[in-house]
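[1] Pasted the sequence and its predicted model underneath.
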Amino acid sequence: MQNTPNHDWTPLHAHLHRTLKERRLLERSQQVLVAVSGGQDSLCLVKLLLDLQPKWGWQLAIAHCNHRWRADADANAEHVQQLAQGWQLPYYQQTAEAVTTSEAAARQWRYKSLTTIAQQYRYTCIVTGHTASDRAETLLYNLMRGSGADGLQALVWERPLTLDIKLVRPLLDVTRAETRQFCQTAQLQIWDDTTNHDLTYARNRIRQELLPYLQTHFNPQAENALSQTAALLQADVEYLEAQAAALLEQAQHADRPGLNRTILQQSALALQRRIMRQFLQQALPCAPNFGHIEKLVSLITAPNRSQTDPFPGGTIAYVEDNWIWLKPASGDDRTN
Ligand SMILES: Nc1ncnc2c1ncn2[C@@H]1O[C@H](COP(=O)(O)OP(=O)(O)OP(=O)(O)O)[C@@H](O)[C@H]1O
């Protein structure tokens, strides 16, 4: 086995070990599936986990998704497979039947494929190599698209993919510069994804032009600062969502889709918006947008008998004394 002996223990090993323990991201002896693209971040991740494995007793395996996007996609997959063999790790691969057209579609297919592999071979955790640099880029990208705090906190340390499988991102406070350095020192052969150089992708332009510009002219630590901002926002969002959920429960009518205006009037606008979003998420066939939420918020203080235009699906909201009621498109809500 080509496992690194103890004298190659680096500060990054210690950092990851501490992060996993403090954040309770992985359990001892867990079945862990590492998503490896062959790029520097996921190679760094798998090597670190391999080195930590004797301390934790995990069952590790590598999964690679072949998007068939690039001419070298098969060679890329083979490279990852060979690394897995060298480390004596089980290797699983999914190959796309059709070549995906957009980044979003590719990502969706990738998560679905990784989940399928995990389900089939009973892995309870999928880990990816997302870094603080990805977090900073996501924040900038979403900021420019007009996202609220929820979009800006975007990349989180962990989230459930199914009831039994969770997604974990253990490198979320490690920068890309650190993973690159680690790969160089450990002499890991990185597969260069040529699409990373293509500046028609907004993400690549942020990575290669915008962030370096911000670092040169505004703050050399811009990447870390942005990533920390995302982390702060994440804690804020979690807190506000929990408060809103508790208030929604108090304000909601027991039998009908309705909200008590007196309870809502005592809440801050930030919570009112979140309560309305959660309320509409239950009621509408699609995710509510900013306009839908604002319309409903305006009913909290609107005169009696005020009502909104129809939401998607035809539902409207109207005021009746102390209550905001939803009326579905077909028929009278009072009979529901
Ligand atoms: N084709 C793939 N197969 C398996 N896992 C993948 C693949 N592409 C991405 N991932 C996982 O998702 C993480 C983040 O994806 P992203 O698109 O930012 O990665 P990348 O730039 O393609 O590769 P890397 O982050 O490894 O340099 C990767 O670190 C890796 O864990």
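    Perfect, I can see it now.
[2] Of all the residues in stretch 37-57, which ones are buried?
    For stretch 37-57, burial by neighbour count (16 or more other C-beta atoms under 10 Å) applies to 37-53, 56. For glycine as for every other residue, the C-beta is placed from the backbone atoms N, C-alpha and C.
[3] ok, the residue nearest in space to the middle of the chain to the ligand distance?
    Centroid check for the chain by C-alpha atoms, centre = their mean gives residue 155 as the closest residue, at 4.0 Å. Taking C-beta to the nearest ligand atom, to the nearest Å as the measure, residue 155 falls 9 Å from the ligand.
[4] looking at it, that residue is touching residue 133, isn't it?
    No - Residue 155 is not in contact with residue 133 according to C-beta atoms under 8 Å; the separation is 10.5 Å.
[5] For stretch 203-223, what is the distance to the chain centroid?
    22 Å (C-alpha atoms, centre = their mean, to the nearest Å).
[6] now swap in stretch 288-295 and tell me
    Distance of stretch 288-295 from the chain centroid (C-alpha atoms, centre = their mean) equals 23 Å.
[7] Strands along the stretch 51-200 of the chain, start to end?
    Secondary structure of the stretch 51-200 of the chain (DSSP state E, counting those that start in this stretch): strands at 59-66, 91-95, 125-127, 158-160, 166-168.
[8] that older thread, retrieve the pLDDT associated with the residue nearest to the centre of the chain.
    Note on residue 155: pLDDT of 88.
[9] ok, now residue 219?
    Residue 219 is assigned a pLDDT of 97 by the prediction.
[10] any idea which helix or strand carries the closest residue to it other than its chain neighbours?
    Nearest residue to residue 219 in three dimensions, chain neighbours excluded: residue 225, at 5.9 Å (C-beta to C-beta, 6 or more residues apart in numbering). For residue 225, the element it lies in under DSSP states H and E is helix 222-251.
[11] where's the residue in the stretch 201-336 of the chain that the ligand sits nearest to, which helix or strand?
    Closest contact between the stretch 201-336 of the chain and the ligand, by C-beta to the nearest ligand atom, is at residue 203 (8.1 Å). Residue 203 belongs to helix 202-205 when assigned by DSSP H and E.
[12] Okay, residue 227 and residue 174: tell me how far apart.
    Distance from residue 227 to residue 174, counting by C-beta to C-beta, to the nearest Å: 10 Å.
[13] Name all residues that sit in contact with those two at the same time.
    Common contacts of residue 227 and residue 174 (C-beta atoms under 8 Å, 6 or more residues apart in numbering): residue 132.
[14] which residue sits closest to the residue of the stretch 151-300 of the chain found nearest the ligand in space, ignoring its chain neighbours?
    Closest contact between the stretch 151-300 of the chain and the ligand, by C-beta to the nearest ligand atom, is at residue 193 (5.4 Å). The shortest distance from residue 193 to any residue other than its chain neighbours is 5.7 Å, reached at residue 39 (C-beta to C-beta, 6+ apart).
[15] so what's that neighbour up against?
    Neighbour list for residue 39: 129, 190, 191, 193, 196 [criterion: C-beta under 8 Å, 6+ apart].
[16] next one: residue 199
    205, 208, 209.
[17] Test my guess that residue 202 contacts residue 138.
    No - using C-beta under 8 Å, residue 202 is not in contact with residue 138; the gap is 11.1 Å.
[18] more neighbours, those two?
    residue 138 (22 against 15; other C-beta atoms under 10 Å).
[19] Who's the closest spatial neighbour of that one, skipping the chain neighbours?
    Of all residues not flanking residue 138 in the chain, residue 154 sits nearest, at 4.4 Å (C-beta to C-beta, 6+ apart).
[20] What's the local residue count around that neighbour?
    17.
[21] List the contacts of it.
    By C-beta under 8 Å, 6+ apart, the residues touching residue 154 are 135, 138, 139, 142, 230.
[22] which residues touch the last one?
    Applying C-beta under 8 Å, 6+ apart, we find residue 230 in contact with 135, 136, 138, 139, 152, 153, 154, 155.
[23] Could you check how far it is from residue 134?
    Residue 230 sits 10 Å away from residue 134, going by C-beta to C-beta.
[24] Name the residues contacting each of those two.
    residue 155.
[25] What's the separation between residue 63 and residue 117?
    Distance from residue 63 to residue 117, by C-beta to C-beta: 5 Å.
[26] any common contacting residues for those two?
    Taking C-beta under 8 Å, 6+ apart as the contact rule, residue 63 and residue 117 both touch 33, 92, 94.
[27] What are the neighbouring residues in contact with the closest residue to the first one other than its chain neighbours?
    When you say that, I think you mean residue 33. In this structure, residue 33 finds its nearest non-sequential neighbour in residue 123, 3.9 Å apart by C-beta to C-beta, 6+ apart. Residue 123 sits next to 31, 32, 33, 59, 61, 117, 165 when contact means C-beta under 8 Å, 6+ apart.
[28] closest point of the stretch 51-200 of the chain to the ligand, which residue?
    The ligand sits closest to residue 129 of the stretch 51-200 of the chain, with a gap of 2.7 Å, by C-beta to the nearest ligand atom.
[29] Nearest to residue 15 among the contacts of residue 123?
    Among these, residue 32 lies closest to residue 15 (C-beta to C-beta), at 18.1 Å.
[30] Done for today, thanks.
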